[in-house]
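Participant: need a 3D model of the following:
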Amino acid sequence: MRLRLFHSAVAAACCVALLVSASAGAQETCIAGDRALAASQWSEANDAYQKCVQVNQSFGVYSNMGVALSHLGRMQDAIESYNKALALDPSNNKVEFNLSVSLVKEGNYSLAVDHLKHLQRSGNDIRYDELLAFCYYHLQSYALGARAAERVYSARPDDPANALILGSMYERMGLYEKALPLITLALKSAGSAEGHLILAQTLNGLHRFSEAENELKQIDASQANVPGLHEAMGEVYVGTERTPQAETEFAEAIQEDPNDFEANYFLGRLKRFDGDLPAASRYLIVADQLHPNSSEVEYERAEIAIKEHRYADAIPLLEAVIKAEPDQAQAYLLLAESYQHTGRRADAQREGELYNTKLRESRERMAAQENQPHAQENP
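Facilitator: All right, here's what the predicted structure looks like:
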């Protein structure tokens, strides 16, 4: 679903470096390739360069052939051609940037990041940050992606696409308050089903489920097959305690995309609530494979282990949860129970005391938040 959001950034970033590949003594095929490339006749250009390169293995031929191949959608061949050009001129930024674009289109985000970071060391270009934000998003390195997207948005604050990219990063990081104004601003200028879906997901994160549901119903009415729609609606139903409808939505999301982490996690959690532990385990195992060491998944698996009296299995899961989320009070209680059942009474007592401490601290934080004066709205 989210890939479409960044197509404009990738398209805008792609540059075509027309390089004179034919000297006075070069064959006519090389000249014909240059002419076809200048006229955006990609197939004709590639055909000519394929013949030209047999007698002229120059930097310009390989570079231009990469451009033609990239426009033909033959990314692997384009990457090979750009690499040959860079081997002849390693410091050519234009060709390395074109290589980065082709790597992004091929889905090789890690290698694209390496090249883009190398390019940044040789000079500043906002297009590098645009592509870095795109790559980091798909690598799920949202904090790094947000930094790149922030630089892009700062340079071009009037571009709604940049606001949407940055807002989407913040949404993935759980910074919903920061995401909401950016996404709202972007959608005022250029609405899309994918953009409205991100808005709905942000509203879910803010527990504004009624507004999120309205957004999702409008998307469904206009474009029912938007990837991620069922998962987001499932979260609405979870937030409004409509469990049967939530399970249906998550099941449909998994049918569309078996690798949907959120859908597998939520459906596993709901199945645990239902008491269907085998089904819960199946979905949570998939979620764990998709996001290894996720504390929320490990907690659910620990709950199942305890219900099945597998206390020794629950202990390492709960210890990992507490390490990742030290304020998760319930994890201390379950860990104390698991220690008790495995004969570790001193550890059980310690965790029980920590549970009481964490529970008291949580209640104090909630009371302090409730007692804070609400900021008055501007008239």
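Participant: point out where this structure drops to low pLDDT.
Facilitator: For the chain, the stretches with pLDDT under 70 are 1-26, 372-379.
Participant: against which helices or strands is the strand or helix carrying Asp114 packed?
Facilitator: Taking DSSP states H and E as the definition, Asp114 sits inside helix 109-122. Packing contacts for helix 109-122, counted by 3 or more C-beta pairs under 8 Å, 6 or more residues apart in numbering; DSSP states H and E, involve helix 93-106, helix 126-138. Quick note: C-beta positions are derived from backbone N, CA and C, even for glycine.
Participant: got those as TSV, with mean neighbour count and distance to Ile198 columns?
Facilitator: Converted to TSV, the helices and strands packed on helix 109-122 look like this (neighbours: other C-beta atoms under 10 Å; distance: least, C-beta to C-beta, whole Å):
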stretch	mean neighbour count	distance to Ile198
helix 93-106	22	20
helix 126-138	24	12
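Participant: can I get the ones you listed in TSV with distance to Asp347?
Facilitator: Below are the helices and strands packed on helix 109-122 laid out as TSV (distance: least, C-beta to C-beta, whole Å):
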stretch	distance to Asp347
helix 93-106	49
helix 126-138	40
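Participant: buried stuff in the helix holding Asp114?
Facilitator: Going by neighbour count (16 or more other C-beta atoms under 10 Å), the buried part of helix 109-122 is Tyr109, Ala112, Val113, His115, Leu116, Leu119.
Participant: thought the third one was touching Leu139?
Facilitator: Yes - the pair Val113 and Leu139 qualifies as a contact (C-beta atoms under 8 Å) at a distance of 7.3 Å.
Participant: from Glu28, how far off is the residue nearest to Pro258 when sequence neighbours are not counted?
Facilitator: The spatially closest residue to Pro258, leaving aside those adjacent along the chain, is Val286, at 7.3 Å (C-beta to C-beta, 6 or more residues apart in numbering). Distance of Val286 to Glu28, given as C-beta to C-beta, to the nearest Å: 58 Å.
Participant: looking at the two, which one has more neighbours?
Facilitator: Taking other C-beta atoms under 10 Å, Val286 and Glu28 do not tie; Val286 has more neighbours (20 against 11).
Participant: buried stuff in whatever helix or strand that one lives in?
Facilitator: Element membership of Val286, judged by DSSP H and E, is helix 277-290. By 16+ other C-beta under 10 Å, the buried positions in helix 277-290 come out as Leu277, Ala280, Ser281, Tyr283, Leu284, Val286, Ala287, Asp288, Leu290.
Participant: format the residues you listed as CSV; extra columns: distance to Ala32.
Facilitator: Putting the buried residues of helix 277-290 into CSV (distance: C-beta to C-beta, whole Å) gives the following:
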residue, distance to Ala32
Leu277, 69
Ala280, 64
Ser281, 63
Tyr283, 58
Leu284, 60
Val286, 53
Ala287, 55
Asp288, 56
Leu290, 50
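Participant: nearest to Ser100 among the residues you listed?
Facilitator: Leu290 (27.0 Å; C-beta to C-beta).
Participant: and the closest residue in space to the closest one that isn't next to it in sequence, what does it touch?
Facilitator: Computed as C-beta to C-beta, 6+ apart, the closest residue to Leu290 that is not its neighbour in sequence is Phe261, at 4.5 Å. By C-beta atoms under 8 Å, 6 or more residues apart in numbering, Phe261 lies in contact with Ala287, Leu290, His291, Ser294.
Participant: if we use 10 Å, what do you get?
Facilitator: Going by C-beta atoms under 10 Å, 6 or more residues apart in numbering, Phe261 touches Gln140, Glu231, Val286, Ala287, Asp288, Gln289, Leu290, His291, Ser294, Val297.
Participant: what do you get for Ser43?
Facilitator: So Ser43 contacts Ala36, Ala68, His71, Leu72 (C-beta under 10 Å, 6+ apart).
Participant: just the buried residues from these, in PyMOL please.
Facilitator: Only the buried entries of the contacts of Ser43 go into this PyMOL selection, using 16+ other C-beta under 10 Å:
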select buried, resi 36+68+71
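Participant: buried set for the longest helix seen in the chain?
Facilitator: Under DSSP state H, the helix in the chain containing the largest number of residues is helix 345-371. For helix 345-371, the neighbour count (16+ other C-beta under 10 Å) marks Asp347, Ala348, Glu351, Gly352, Leu354, Tyr355, Lys358 as buried.
Participant: would you format the residues you listed as CSV with distance to Ser58 included?
Facilitator: Compiled in CSV, those are given as follows (distance: C-beta to C-beta, whole Å):
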residue, distance to Ser58
Asp347, 70
Ala348, 74
Glu351, 69
Gly352, 74
Leu354, 69
Tyr355, 71
Lys358, 68
